[in-house]
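Asker: Generate a structure from the sequence data that follows.
(chains A and B)
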Amino acid sequence: MRFIKIVIVFILVVSCEKVYVDANTKIIGHAAMGLNSSSSIYANNSLEAINLALSFSGCDGIELDLQLDNTGELWLYHDEFLSSYTNANGCINDMQSSALSEVYYQTIHHEKLVKFDHELIKILAEKTIFLDLRHLNPCTLEYIDVQLIKQALENWGIDEKDNFICVTNRLELLDELSDDFTVFFATDVTSYGLQILTDYPSCAGLVIRNASITASDVAAIHIVGKEVAIFEVRSPKGTKAAFRKSPDYVMTDELRTALQIAN
Amino acid sequence: MIRLLLLFFLMITKLGVFAQDVSPSEFYFPRSLVSVNASLQRMDLFTGVAYQKNLKKIDIGGSLAVGFRSTFGAQQFFPQLGSYMTIPFLKHCNRKGSIVLGPILSFHASFFDIGDNISQYDITAGYSLYVGKIKGRLQFIHQAGIGPFSEFFRSETHGFVKSYHWNYHFKIGLAYAIY
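Answerer: Numbers count the residues shown, from 1 in each chain, chains lettered A, B, ... in the order given. Next up is the predicted model:
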């Protein structure tokens, strides 16, 4: 009985702990509604997931994964191989747009693979959109030509839109894009990220794993005038930890949890 | 999944028919159960209480729970109201104890606020089980099911938003039996 009382008091104390969420911290849905999240309802990077994520009033934006096909069009897909989640085989980089337009996710909703086009850009207009640029063909293990990626982005006028942020961990791509686009560098090591921010002054910020960065690291990045997006945020505990660091963006895999904490 | 459930219930029915020592009387089975339980679902782990009234042909019940992750982890109250109906296909007892097993149909409604007021509803079908000592006060309960799930809210930017999916329940709990 005493044990039960202690447990109840503990739960009450824990449940009263409210986290301060910096008003400047934006909540971003990772791959729209989150990766491998049971509460996401729709497949990641699907149009349905994008619409659902953006319909939440507290959601400030989403992160999407872009891959280039062999006709120069961009498609939204997170994994390396299409066979992981869709009815197709191979890699996006080796396929033509006409074939990819027939691809759908093998989920209950059978969401279609989404092409990055004018219609999608219209949907994304009002919020902050991170574009994770995939630069390696997983089937051939060859790098994608950075000029092709740049050209595809320019075709849709991403360089002229303030709400789009490109993300890469390839220095060649960072170097090529950072003068014309808003580009964040993705890294797991804060000290390396800080070095990159020094070496590439036009790099706008870092995308970094929640476990790899502290509040003082975030403060250090802010001091040099750059921004920070924290990803791999899922559990309530992890989400609170991310908010406490006061980053500019929290990229969450459990959008509802992040919105609950922030509300 | 549905085929598996059907197969499972066929097996239960057979068990009922060939059981050697089926209770001759309702005397050995509780008239009602008050339980504390935890239910794993798509959106959260719900913990709460339930009351079940055992009638002659069917058992009916109601439940009140809160999403543990949301309420205690994210400090956002996430209540869930539920009601269910179960048909006790197999009622079996011997000197060691009693077991009641049957199909269950349940309905749940959950609500939470993340800037938008979200309502979620589901109807699930599955099985219900409770076991305990013969005339024992404490019973172990277990329910599991799967079924359609819907979510509704009014968005500031997107108007009325609705989405559909599947939900699952996997519930275990401890019940106090009233005879």
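Asker: For A:Tyr249, which non-adjacent residue is closest in space?
Answerer: Counting by Cβ to Cβ, 6 or more residues apart in numbering or on different chains, A:Ala229 is the residue found nearest to A:Tyr249 once chain neighbours are left out, at 3.8 Å. No exception for glycine: its C-beta is placed from N, CA and C like everyone else's.
Asker: List the buried residues in stretch A:184-200.
Answerer: Across stretch A:184-200, burial judged by 16 or more other Cβ atoms under 10 Å in any protein chain shown covers A:184-187, A:190, A:193-194, A:196-197, A:200.
Asker: Can you name the residue of chain A nearest chain B?
Answerer: The minimum distance from chain A to chain B, using Cβ to the nearest Cβ, falls at A:Pro236 (3.0 Å).
Asker: For that residue, list the residues it contacts.
Answerer: Shown in contact with A:Pro236 (Cβ atoms under 8 Å, 6 or more residues apart in numbering or on different chains): A:257, A:261, B:69-70, B:73-74.
Asker: Pick out the most distant pair among these.
Answerer: Within the contacts of A:Pro236, two members stand farthest from each other by Cβ to Cβ: A:Ile261 and B:Arg69, at 10.9 Å.
Asker: got a list of contacts for stretch A:62-70?
Answerer: A:28-32, A:45, A:50, A:53-54, A:74-78, A:91-97, A:100, A:116, A:124, A:127, A:129-134, A:144, A:148-149, A:152, A:167, A:231, A:251.
Asker: Could I get the CA-only coordinates of that stretch as CSV?
Answerer: What follows is stretch A:62-70, C-alpha atoms only, in CSV (Å, rounded to 0.1, in the frame of the first residue of the first chain):
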residue,chain,number,x,y,z
ILE,A,62,7.9,19.6,-42.3
GLU,A,63,11.1,17.9,-43.5
LEU,A,64,11.0,15.9,-46.8
ASP,A,65,13.5,13.6,-48.4
LEU,A,66,14.3,14.4,-52.0
GLN,A,67,15.8,12.0,-54.5
LEU,A,68,16.6,12.7,-58.2
ASP,A,69,15.4,10.2,-60.9
ASN,A,70,17.3,9.6,-64.1
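Asker: Give the burial count for the residue nearest to A:Tyr249, as a bare number.
Answerer: 22 (other Cβ atoms under 10 Å in any protein chain shown).
Asker: Next, A:Lys240: secondary structure please.
Answerer: helix (DSSP: H, G, I helix; E, B strand; the rest coil).
Asker: For chain A, which segments count as strands?
Answerer: For chain A, the strands defined by DSSP state E occupy A:26-30, A:61-68, A:74-76, A:114-115, A:128-133, A:136-137, A:142-143, A:164-168, A:183-187, A:205-209, A:227-233, A:249-252.
Asker: same question, chain B
Answerer: B:32-41, B:45-54, B:59-67, B:79-86, B:90-93, B:98-113, B:117-132, B:138-155, B:159-178.
Asker: any idea how far A:Ala31 is from the most centrally placed residue in chain A?
Answerer: Chain A has A:Glu63 as the residue nearest its centroid, 3.1 Å off, counting by Cα atoms, centre = their mean. Separation of A:Glu63 from A:Ala31 (Cβ to Cβ, to the nearest Å) stands at 6 Å.
Asker: returning to what we had before: compile the strands of chain B into TSV and extend it with columns for distance to A:Ser39.
Answerer: Below are these laid out as TSV (distance: least, Cβ to Cβ, whole Å):
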stretch	distance to A:Ser39
strand B:32-41	10
strand B:45-54	12
strand B:59-67	10
strand B:79-86	14
strand B:90-93	35
strand B:98-113	11
strand B:117-132	10
strand B:138-155	10
strand B:159-178	10
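Asker: Of the ones you listed, which shows the lowest average pLDDT?
Answerer: Mean pLDDT per stretch puts strand B:90-93 lowest among those, at a mean of 88.
Asker: Export the strands of chain A as a markdown table, with columns for mean pLDDT and distance to B:Phe160.
Answerer: Shown next, in a markdown table, are these (pLDDT from 0 to 100; distance: least, Cβ to Cβ, whole Å):
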| stretch | mean pLDDT | distance to B:Phe160 |
| --- | --- | --- |
| strand A:26-30 | 97 | 20 |
| strand A:61-68 | 97 | 21 |
| strand A:74-76 | 98 | 26 |
| strand A:114-115 | 97 | 23 |
| strand A:128-133 | 97 | 24 |
| strand A:136-137 | 96 | 42 |
| strand A:142-143 | 95 | 46 |
| strand A:164-168 | 97 | 29 |
| strand A:183-187 | 97 | 35 |
| strand A:205-209 | 97 | 34 |
| strand A:227-233 | 97 | 29 |
| strand A:249-252 | 98 | 25 |
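Asker: Make a markdown table out of those and add distance to A:Ala241.
Answerer: Shown next, in a markdown table, are the strands of chain A (distance: least, Cβ to Cβ, whole Å):
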| stretch | distance to A:Ala241 |
| --- | --- |
| strand A:26-30 | 15 |
| strand A:61-68 | 19 |
| strand A:74-76 | 29 |
| strand A:114-115 | 32 |
| strand A:128-133 | 20 |
| strand A:136-137 | 31 |
| strand A:142-143 | 35 |
| strand A:164-168 | 22 |
| strand A:183-187 | 19 |
| strand A:205-209 | 12 |
| strand A:227-233 | 8 |
| strand A:249-252 | 10 |
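Asker: closest one to A:Ser216 among those?
Answerer: strand A:227-233 (11.9 Å).
Asker: Quick check: end-to-end length of stretch A:228-240?
Answerer: Stretch A:228-240 stretches 16 Å from its first residue to its last (Cα to Cα, to the nearest Å).
Asker: Could you verify my assumption that B:His92 touches B:Ile99?
Answerer: Yes. If you go by Cβ atoms under 8 Å, B:His92 and B:Ile99 touch, sitting 5.0 Å apart.
Asker: Flag every residue of chain B that's near chain A.
Answerer: B:42-44, B:69-76, B:78, B:112-116, B:151, B:153, B:155-158, B:161, B:163, B:165-166 (Cβ under 8 Å from any Cβ of the partner chain).
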